[in-house]
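Asks: I'll drop the sequence and a predicted model, then ask my questions.
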Amino acid sequence: MKNFISSYRSFFIRERFRSLLVGILLLSLAVISQNFASSYAMANSGQFVGDFFLEVLPIINLNNIIIEGAFIAFLLTIILIFQKPNYIIFTMKASALFITTRAFMISVTHLGIYPGQITSGFGFSDRIYEALNLHAGYFFSGHTGFPLLMALIFWKKRVLRYLFLTISAVFGISVLLAHVHYSIDVFAAPFMTYSIFKLAEYLFPEDYALVDAAD
C-alpha cells in the first residue's frame, strides 16, 4: 500500500496535479450537463419514429445487462484506471468530452420512446440508474460508445482492448433487443466515439503522451 501511494506521489508532480484537477473539474461539469440535457430531452420528447431493425427484432428484457452490467463495467473501468496513473488524466478529460458531446446531442434530438421499449425495474440499481437520468436520451448510445472509448484509450493493452470491444458489442446488441435505443443511436456510436477520442488526443496532447508512453 505504501509503495502504491508513493508511486502516485512521485507521478503527480505539480504540473500533472494541476492537470488532474482540471480533469476532475471538466468531468464534473460534463456530468452536470448530462443531467440537464437528459431532463430537458425527457420534458420535450416528441413522437417516436419508425426503425427498420427494431420492427423486425424481438423485444427481450435485458435489464440485467443494460443496468447492472453497466455498473459492473463502470466499476471495472475505475479499478483499471486507478491502477495505471498514466491513464488517469487523459481518461478523465476524454470522458468529459464524451459526456459533454453526448449531452449536446441529446438536447437537440427529441425523439419519443419507441413502442414496446423495456423500461427499468424497481431494484436498487434501477433506482440509481433513473436518479442519474441514464435512461433518458437516445443519440448516441452511451452503452455502446463509452466502452469503445475505453478500448481506444487502452488500445496498446491487447487484453483490455478486446475486453472493452466485447463489452461495447454486448451492450449495443442488448439495447437494440430491449428496444431502449434506436438503431441509429447504436450504429452511429462508434463513429462519434472515435471522433471524440481523436479530438481529445488533439486537445490534450500532453496527457495523451503519458498514455502513449505507458508500458
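Replies: Nice, thanks for sending it over.
Asks: F171 sits in which helix or strand?
Replies: Assessed by DSSP states H and E, F171 sits inside helix 158-177.
Asks: same question, K198
Replies: Per DSSP H and E: helix 183-203 holds K198.
Asks: Helices along the chain, start to end?
Replies: Applying DSSP state H to the chain gives helices spanning 2-11, 14-43, 52-56, 63, 69-82, 85-108, 124-131, 142-153, 158-177, 183-203, 205-212.
Asks: Spatially central residue in the protein, please.
Replies: Centroid-nearest residue in the chain, with CA atoms, centre = their mean: F146, separated by 3.0 Å.
Asks: Show the contacting residues for that residue.
Replies: 95, 98, 193 (CB atoms under 8 Å, 6 or more residues apart in numbering). (Each C-beta comes from the backbone N, C-alpha and C, glycine too.)
Asks: for those residues, which one is nearest L199?
Replies: Using CB to CB, F98 comes nearest to L199 of those, at 9.8 Å.
Asks: Just give me the neighbour total for the residue nearest to the closest one when sequence neighbours are not counted.
Replies: Excluding the flanking residues, the one nearest F98 by CB to CB, 6 or more residues apart in numbering is I196, at 5.1 Å. Residues contacting I196 under the criterion other CB atoms under 10 Å number 23.
Asks: And the helix holding F171, what does it pack against?
Replies: For helix 158-177, the packing partners by 3 or more CB pairs under 8 Å, 6 or more residues apart in numbering; DSSP states H and E come out as helix 69-82, helix 142-153, helix 183-203.
Asks: Could you say which of these is packed most deeply?
Replies: helix 142-153 (a mean of 25; mean count of other CB atoms under 10 Å).
Asks: contacting residues for the closest residue in space to F48 that isn't next to it in sequence?
Replies: Nearest residue to F48, sequence neighbours excluded (CB to CB, 6+ apart): G112, at 4.2 Å. When contacts are counted by CB under 8 Å, 6+ apart, G112 touches 45-48.
Asks: Most neighbours out of the residues you listed, which is it?
Replies: Result: S45 is most packed of the contacts of G112 (other CB under 10 Å), 16 neighbours.
Asks: what about that residue, distance to T109?
Replies: 10 Å (CB to CB, to the nearest Å).
Asks: And for A200?
Replies: Going from A200 to T109 by CB to CB gives 23 Å.
Asks: pLDDT weak spots in the chain?
Replies: Counting by pLDDT under 70, the chain contains low-confidence residues at 1-10, 14, 120-126, 131-135, 215.
Asks: related to what we said a few turns ago, so which of the contacts of G112 are in strands?
Replies: Among the contacts of G112, no member is found in strands (DSSP state E).
Asks: State the number of residues packed around V56.
Replies: Using other CB under 10 Å, V56 has 7 neighbouring residues.
Asks: That one and F71, how far apart?
Replies: Separation of V56 from F71 (CB to CB): 30 Å.
Asks: Going by distance to L25, which of the contacts of G112 wins?
Replies: S45 (30.7 Å).
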